[in-house]
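Enquirer: this is a predicted model, with the sequence first.
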Amino acid sequence: MAVLDAVKRAINPDKMEVPEDISARMKRGRDAMREDAPKRNECLAHARGEQYRYLDAKNALKSLPTTTSSYGEAGGKAPHRVRAVRNFIFDIVETEVAAATQRVPGYEVSPSGTEPRRISAARLARKVLYYGYEKWGVDRALEQVVRYAVVADEGFAWPYWDSTVGPYLDDGEGGLVGQGEIAIRVYGPNEVFGEPGIKFEQSRWIGLEQARDISEVMAMEGYVGGNLNADAQTSDVETEVNPQSKLVLVKDYLERPSPQNPSGRWVTMANDRVIVPERPYPCVDGEGNICDEPVLHRLTYAEDPSKERGSGLVRHLLDSQRQVNHAVSKTSEWVNLALNPQLLLKNVKLLDKLTDEPGAVFNARGSGEAVWRQVPQIPAELFKLKEEAIADMARIAAQNDIPSQVESGRGIQALLEKDASRRANFLKNLARFDARLARHCLYLVQRHYTEPRLLKVRGERGIEPIADFYGSQLCDETDVRVAPDSLEPRTREGIEKKILAFADRGWISPHAAMAAINNGTAESLVETYERAVARANLIILKITEGPEVLFNSSPRRPFGNEDPGFEEVENPETGEVEQVPNEYVPGWMPRPFDKIKVQRDVFEDWMQSTEYDDLDPPSQEAANTYYDALLQIEAKQNAEAAQAQQQTAEALGMNNAARKPSPPPMPDQTELFSQS
């Protein structure tokens, strides 16, 4: 801190100009981004319900008035005009966002080796990711990014270490420093840009612009000092600056490592000057090595092969939504102009003014009559126009309603699967985004979780605390995978069908099926398998630590009803060999209730690896002893199952033998009559 303060005092903040190469790149990327920014702003406005906004000939976002003005006044619409909104885009967007964020990503961390410690570290990393899904705000950030991708083509997320999060500890120099935690900052497509003409992932540099609170910016680590002015643009239509907002436009330049700059570059700017001096590229793994990976993770609804930016869903719905609004507005105008109740007087003069008072009596003079004027019906074409526009939007978004003529279950299922298949590509992009975001978060955990902390991860029985957790315990296991199938939305009915299918095949017990159906999720059905694999890996870890760890002095628990037997032991006093009951055996030997077949498969794979070959003979003997015990229990279980099956067959045979024979069936009368 003292060195940094000295550097700050030596720098004149007002004279820290932006380097020319960075300024030129930022301007080039910003200009390319702003070419399509008005269209994305139009999509965002329609999703909010502001659906009378449009782009003029100069590609500027304008708005039609929706309130009535008096004749001759500017800024309003004519009284007879109706501009109504039926926001079907909102429903489509919310359906897509709900489908994409309904389930927690199925994180899988692949170990980088077959060593038990790496396998254990990979399993711990997976638990850490599930712990941080809510702790780090991944769920909230994911919803914002998905909404940006659906509405405005792309969404971006940057996980970073927030050192301002407490509790606060003494920094050793009389100050306080926060323990820190992982945070995620979300960016929209109009806040991010790269090298024009190059795909985002291939661009060697990234530019960011985001309006942020002035006090927050001035409290940034490494801030050079000086005052900041509120210059953030608060309107997406005009270029006004609202000084009351107290927001400053912060710009970050991120350059990935290259032969010219092996450490990369990261420069933060505001008010057209540098506010945080140049530092290395912020993507760093657990060992402190700078990674040549995008620090900003992108999600798009659909890739556009001819452009460097993606394509969203809402931009394809604008014309149909305008057609819906037009049909609704014209229907309302028809009601106002043609369906107003009016009287026709024939040889009658009203003495009182007509009002809308129910049951009122009005005086009239004359011998004629008063009749209601006939009005035409609303044209059916307006309703048809609206229905066709709604159907077009459903077809574009793959959210079609089931036609009334389709009644069979197979036909309905085919239509649902067709719509779901359209979403598969977006779920694939989302799974890739989740995996990259999770890997970056594990980098931050490995590097910054340095002080002992009680990390609570979700275990088998709720919250399972791990005392004195360090990020180094993850052993650089950051190879995260997310399967797109784990993100597919599932209904409760579909989950119940899957659970019952497992139960019918005998893969799970009845009580496990009932518990899964009651919880409404099938994720817990594989816990038994995972526990069996974890048990086998734990045994392997004990073996690699040495036979004395595996073969402890716990009392013998024989396999089933086996006789413990005897062993020959030399008496140290007499030197004679005596038969002593075998009372002690390995304390980590398999038990009858273990999943023997699963553990056997794990052991067979491990015993074919080089790690097993490199063990000393006593450790290999311990492994063979455990494997032989697995085979013994499996053979005994198979014998018991065969015996039970034979007893069942014998019981069925005895029941069939004791059954009284039924009389032979009567001959076919039809055949007899035909022969006669």
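Expert: It's in. Keep in mind that this is a model prediction, so the values were computed, not measured.

Enquirer: going forward, measure contacts between C-alpha atoms and count neighbours the same way
Expert: OK.

Enquirer: how about the strands in the stretch 401-550 of the chain?
Expert: Remark: strands assigned in the stretch 401-550 of the chain by DSSP state E, counting those that start in this stretch are 453-459, 462-469, 480-482.

Enquirer: strands paired with the last one, and their directions?
Expert: Strand 480-482 has the following strand partners under DSSP bridges: strand 107-109 (antiparallel).

Enquirer: please name every helix or strand in contact with whichever helix or strand comes after the strand it pairs with.
Expert: Per DSSP states H and E, the first helix or strand lying C-terminal to strand 107-109 is helix 116-135. Secondary-structure packing of helix 116-135 (3 or more Cα pairs under 8 Å, 6 or more residues apart in numbering; DSSP states H and E): strand 107-109, helix 424-448, strand 453-459, helix 527-545.

Enquirer: in the stretch 351-500 of the chain, where is pLDDT below threshold?
Expert: 404, 406-407, 409, 411, 457-465, 467, 490-495 (pLDDT under 70).

Enquirer: right, and residue 369 touches residue 347 too?
Expert: Yes - Residue 369 lies in contact with residue 347 (Cα atoms under 8 Å); the separation is 6.8 Å.

Enquirer: need the helices and strands packed on helix 116-135 in TSV with distance to residue 645 and mean neighbour count, can you?
Expert: Listed next are the helices and strands packed on helix 116-135 as TSV, based on distance: least, Cα to Cα, whole Å; neighbours: other Cα atoms under 10 Å:
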stretch	distance to residue 645	mean neighbour count
strand 107-109	39	21
helix 424-448	46	22
strand 453-459	38	15
helix 527-545	25	18
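
Enquirer: give the contact list for residue 162.
Expert: When contacts are counted by Cα atoms under 8 Å, 6 or more residues apart in numbering, residue 162 touches 180, 181, 182, 183.

Enquirer: is it true that the second one touches residue 167?
Expert: What that stands for is residue 181. No - using Cα under 8 Å, residue 181 is not in contact with residue 167; the gap is 10.2 Å.

Enquirer: more crowded one of those two?
Expert: It is residue 181, of residue 181 and residue 167, that has more neighbours when counted by other Cα atoms under 10 Å, with 18 against 10.

Enquirer: so what's that one scoring on pLDDT?
Expert: On pLDDT, residue 181 comes in at 89.

Enquirer: now residue 558
Expert: pLDDT for residue 558: 39.

Enquirer: what does residue 564 give?
Expert: Note for residue 564: predicted pLDDT of 48.

Enquirer: repeat for residue 266
Expert: Model confidence at residue 266, expressed as pLDDT, equals 93.

Enquirer: where's it, which helix or strand?
Expert: Using DSSP H and E, residue 266 sits in strand 265-270.

Enquirer: counting contacts, what elements does that strand pack onto?
Expert: strand 247-255, strand 273-279.

Enquirer: orientation of the first one relative to strand 273-279 in degrees?
Expert: For strand 247-255 against strand 273-279, the angle by axes from the mean of the first three to the mean of the last three Cα atoms, to 10 degrees is 30 degrees.

Enquirer: now the angle between strand 265-270 and strand 247-255, please.
Expert: Between the axes of strand 247-255 and strand 265-270, defined by the same axes, to 10 degrees, the angle is 170 degrees.

Enquirer: ok, the last one next?
Expert: Inter-element angle recorded for strand 273-279 and strand 265-270: 160 degrees (by the same axes, to 10 degrees).

Enquirer: send me the very next helix or strand once past strand 273-279 as CSV with only the CA atoms.
Expert: Beyond strand 273-279 in the direction of the C-terminus, DSSP H and E gives the next helix or strand as strand 297-300. This file holds the C-alpha atoms of strand 297-300, laid out as CSV (Å, rounded to 0.1, in the frame of the first residue of the first chain):
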residue,chain,number,x,y,z
HIS,A,297,-17.6,-14.5,-21.7
ARG,A,298,-20.2,-14.0,-24.4
LEU,A,299,-23.6,-15.6,-25.0
THR,A,300,-25.6,-15.2,-28.2
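
Enquirer: what comes into contact with stretch 261-281?
Expert: Taking Cα under 8 Å, 6+ apart as the rule, stretch 261-281 contacts 13-18, 222-225, 228-229, 231, 248-258, 282, 290.

Enquirer: buried residues in it?
Expert: Buried residues in stretch 261-281, counted by 16 or more other Cα atoms under 10 Å: 263-271, 273-277, 280-281.

Enquirer: circling back: and residue 475, which of the helices and strands packed on strand 265-270 is closest to it?
Expert: strand 273-279 (26.7 Å; Cα to Cα).

Enquirer: parallel or antiparallel, which strands does the closest one pair with?
Expert: In the sheet, strand 273-279 lines up against strand 265-270 (antiparallel) (DSSP bridges).

Enquirer: export stretch 19-30 as PDB, just CAs?
Expert: C-alpha atoms of stretch 19-30 as PDB (Å, rounded to 0.1, in the frame of the first residue of the first chain):
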ATOM      1  CA  PRO A  19      -2.100   6.000 -25.300                       C
ATOM      2  CA  GLU A  20      -2.600   6.700 -28.900                       C
ATOM      3  CA  ASP A  21      -2.800   3.100 -30.100                       C
ATOM      4  CA  ILE A  22      -5.400   2.300 -27.400                       C
ATOM      5  CA  SER A  23      -7.400   5.400 -28.300                       C
ATOM      6  CA  ALA A  24      -7.400   4.500 -32.000                       C
ATOM      7  CA  ARG A  25      -8.500   0.900 -31.400                       C
ATOM      8  CA  MET A  26     -11.300   2.000 -29.000                       C
ATOM      9  CA  LYS A  27     -12.600   4.500 -31.400                       C
ATOM     10  CA  ARG A  28     -12.600   2.000 -34.300                       C
ATOM     11  CA  GLY A  29     -14.400  -0.600 -32.300                       C
ATOM     12  CA  ARG A  30     -16.900   1.800 -30.800                       C
END
